[in-house]
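A.B. asks: using only what follows, build the 3D model:
(one chain, ligands or ions: 1)
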Amino acid sequence: MAALDARSISAWFGDHKVLDRVSLAMPAGQVTALIGPSGCGKSTFLRILNRMHELVPSASLAGEVLLDGHDLYAPDRRITEARREVGMVFQKPNPFPAMSIYDNVVAGLRLTGIRASRNSKDALVEETLTKAGLWKEVRDRLRQPGGALSGGQQQRLCIARSLAVRPRVLLMDEPCSALDPTSTRRIEETIAELAAEVTIVIVTHNMQQAARVSDRCAFFLASHGTPGVIVEHGPTAAMFDNPQDERTHDYVNGRFG
Ligand SMILES: Nc1ncnc2c1ncn2[C@@H]1O[C@H](COP(=O)(O)OP(=O)(O)OP(=O)(O)O)[C@@H](O)[C@H]1O
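C.D. replies: Alright, predicted model coming up:
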């Protein structure tokens, strides 16, 4: 578990600037929610936190991301290492559909160069599926394909897969938006349990969800075609009950976005 500290992050796609000098401290062991209207740069900011932004050919950025004080973008830091330390769960569950549940969980090990014995893989599969709240449902069918699970189960499988490489931070980009309310609740419970051992940053459009799962919130806004900025950030209770900026007040009360 580690603290993430984004300092003065600006981002571009080609010459289109989409974030302007955004700074945010995301404390270790807490859940930070990124909220704000569509297109204000939340996903871009999240993807900068694990070096996925640079996968887009036209993308560039300025600023620093510190993981426990060490720059994620330092020249001697390998991209694969940064992505192992800072894991990501996406909006749409994306297990390997034909691969077994078991193999899905351990799929990241080989990609990140981690070697493990059969016994330690068995233990890891049980541990991470338990943490993701899925073990009891799948323990008797670990050899069945990941694609045979329900959407909510697939998302929990993806969480287990992310946890298997022991990230210090877990990024979640609208992880419940493709799920029904019951599955959403299960994922929210999982987030609350995981927060004890991994720092979590979650993008959500659902204000109730932000209020339920996060310790801290950051409100992003890009007004009239200008690049996204953080209008206000702080403890979630304060952001909802006593926001300092009128725009935050309007957004968390559903007045726009
Ligand atoms: N691959 C890309 N190429 C070019 N422009 C992009 C790309 N991805 C995002 N953008 C642009 O960057 C800006 C920020 O997008 P981003 O997806 O980060 O916003 P967001 O707040 O996450 O939106 P949403 O809530 O709808 O997911 C938008 O203007 C978007 O059109």
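
A.B. asks: partner residues bridging the residue nearest the centre of the chain?
C.D. replies: With distances taken as CA atoms, centre = their mean, Leu171 lies nearest the centre of the chain, 1.7 Å away. Using DSSP bridges, the beta-bridge partners of Leu171 come out as Met88, Val201.

A.B. asks: I'd assumed Ser43 was in contact with it.
C.D. replies: No: counting by CB atoms under 8 Å, Leu171 does not reach Ser43; the two are 9.9 Å apart. For every residue, glycine as well, the C-beta is placed using N, CA and C.

A.B. asks: quick one, what contacts the residue nearest to the centre of the chain?
C.D. replies: By CB atoms under 8 Å, 6 or more residues apart in numbering, Leu171 lies in contact with 46, 49-50, 86-89, 200-202.

A.B. asks: quick one: pLDDT of it?
C.D. replies: Here the pLDDT value assigned to Leu171 is 98.

A.B. asks: just the one 3 residues further on next, same as before
C.D. replies: What the model reports as pLDDT for Glu174 is 95.

A.B. asks: that one: what's its closest spatial neighbour, skipping adjacent residues?
C.D. replies: Nearest non-adjacent residue to Glu174, counting by CB to CB, 6 or more residues apart in numbering: Gln91, 4.4 Å away.

A.B. asks: which residues touch Pro95?
C.D. replies: Neighbour list for Pro95: 104, 146-147, 149, 154, 157-158, 161 [criterion: CB under 8 Å, 6+ apart].

A.B. asks: quick one, helices of the stretch 1-150 of the chain?
C.D. replies: 42-48, 79-85, 101-111, 118-131, 135-138 (DSSP state H, counting those that start in this stretch).

A.B. asks: repeat for the stretch 151-257 of the chain
C.D. replies: Under DSSP H, counting those that start in this stretch, the stretch 151-257 of the chain gives helices at 151-163, 181-194, 207-213, 236-241, 246-252.

A.B. asks: possible to save the ones you listed as CSV with distance to the ligand?
C.D. replies: Output for those, formatted as CSV (distance: least, CB to the nearest ligand atom, whole Å):
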stretch, distance to the ligand
helix 151-163, 17
helix 181-194, 17
helix 207-213, 13
helix 236-241, 17
helix 246-252, 12
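
A.B. asks: test my guess that Glu154 contacts Phe96.
C.D. replies: Careful, residue 154 is Gln and not Glu. No: using CB under 8 Å, Gln154 makes no contact with Phe96, being 10.5 Å away.

A.B. asks: can you pull out the low-pLDDT segments for this protein?
C.D. replies: 257 (pLDDT under 70).
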